[in-house]
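*Asks:* Output the structure for:
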Amino acid sequence: MTAPKHGKIMLVGLGPGSHDCLTARARSAIAEADTVIGYATYIRLVKELLDGKEVIKKAMTEELDRAIEAYERAQQGKKVAIVSSGDAGVYGMAGPTFEVLFQAGWTPDSSIEVEIVPGASALNTCAALVGAPLTHDFCAISLSDLLTPWPTIARRLDAVAYADFVVALYNPKSGRRTRQIEEAQRLFLRHRDPQTPVAIVKSAYRPKQRIEFTTLEKMGEADIGMLTTVLIGNSNTFVKHGLMITPRGYANKYDVEMGRSGAREGETAGKSLSTGLNGWLAAIHASGKSAAELARQYRLPEDYIAAVLSEPLVIEAGDEEAIEA
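*Replies:* Predicted coordinates for the structure are as follows:
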């Protein structure tokens, strides 16, 4: 039999810090809470909403302590809001809190309810300030090595640089961590054009907001700190009229002019590209090239190419794809 709920932990994402970007549910969760717990800087972001509440401020490295405090109060039947900037599930307090809860034997059927209240993360709030850099595939990597070994971070940086992702770098630099951003630049320059656009956004949507456009080559000269998010474009990203744009890929399929558009020769609207999976499979089977030659041509693992070539060529009918627009 499920135990009745009596305490509650709400993991509240505050977004970038501006009250205009705070969601209605985040506001109501804070209003609902008896206790609000968070890093002192995050508490200051919502200080106007905390009248009459127990407020517990913790230092930057005391994430587990915040989760333990929340659990103890929830056990007493209190409603507790743990606040994080951005989204609580993106480098925020959701993960550490669940680790503490699971270690204590908590389950979703226990007497303590847990709710994650989403908020806009630095990745998309900073992107909104500089244009549309995330219109195609992207990822986020934190340069903080407080909890993650540097070789792990470096492998991830090298992999995404090679794979041509747009990348958002979180925690790029602090007073004591100054070399990590230099090593990230070094790894990216192994695979990317030095003129690749980079946007540096500091304190997004806060009073000291600062935006700077630069290039991968000159990124080290920019003002980068702990409150900065670094957006590195892919091979197609460009900056025009003060906006950083990553094309979605429509030019690969359509002739686009003002007032009209149509599919290019050999392409069909709503269907995969001629160089999509079906077209590519047909091309490599017909090429007569070895797996090693094709691996070099397409920059793909040779064993993957060999496995594909070893299978009978089966071309499936292309389904229409739903594309967000």
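*Asks:* Now the closest residue to I37 other than its chain neighbours: which helix or strand?
*Replies:* Distances taken as CB to CB, 6 or more residues apart in numbering place I56 nearest to I37, at 4.5 Å, with adjacent residues excluded. Using the backbone N, CA and C atoms, a C-beta is placed for each residue, glycine as well. I56 is located in strand 54-58, with elements delineated by DSSP states H and E.
*Asks:* Let me know the next secondary structure element after that strand.
*Replies:* On the C-terminal side of strand 54-58, the closest following helix or strand by DSSP H and E is helix 63-75.
*Asks:* what distance separates that next one from the centre of its chain?
*Replies:* Chain-centre distance of helix 63-75: 26 Å, with CA atoms, centre = their mean, to the nearest Å.
*Asks:* Tell me which other helices or strands it touches.
*Replies:* In this structure, helix 63-75 packs against strand 7-13, strand 35-39, strand 54-58, strand 79-84, helix 94-103, strand 112-117, with contacts taken as 3 or more CB pairs under 8 Å, 6 or more residues apart in numbering; DSSP states H and E.
*Asks:* hmm, back to that, next, the angle from the strand holding I56 to strand 35-39.
*Replies:* 20 degrees (axes from the mean of the first three to the mean of the last three CA atoms, to 10 degrees).
*Asks:* okay, the angle between strand 54-58 and helix 63-75?
*Replies:* Using the same axes, to 10 degrees: strand 54-58 against helix 63-75 is 160 degrees.
*Asks:* Pull up the pairing partners for strand 54-58, direction included.
*Replies:* Using DSSP bridges, strand 54-58 pairs in its sheet with strand 35-39 (parallel).
*Asks:* Pull the residues that contact the partner strand.
*Replies:* 30, 43, 46, 50, 53-60, 66, 69-70, 73, 78-84 (CB atoms under 8 Å, 6 or more residues apart in numbering).
*Asks:* Please, a ChimeraX command that selects the buried ones among the residues you listed?
*Replies:* Buried subset of the contacts of strand 35-39, written as a ChimeraX selection, criterion 16 or more other CB atoms under 10 Å:
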select :30,43,46,50,56,58,66,69,70,73,78,79,80,81,82,83,84
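*Asks:* So R66 sits against E72, correct?
*Replies:* No - between R66 and E72 there is no contact under CB atoms under 8 Å: 11.1 Å.
*Asks:* hang on, the earlier thing: where's the residue nearest to I37 relative to A81, distance?
*Replies:* In this view, I56 and A81 are 11 Å apart by CB to CB, to the nearest Å.
*Asks:* in the sheet, who's paired with E113?
*Replies:* Bridge pairing for E113 - DSSP bridges - gives K8.
*Asks:* Give me the pLDDT for it.
*Replies:* For E113, the pLDDT comes out at 96.
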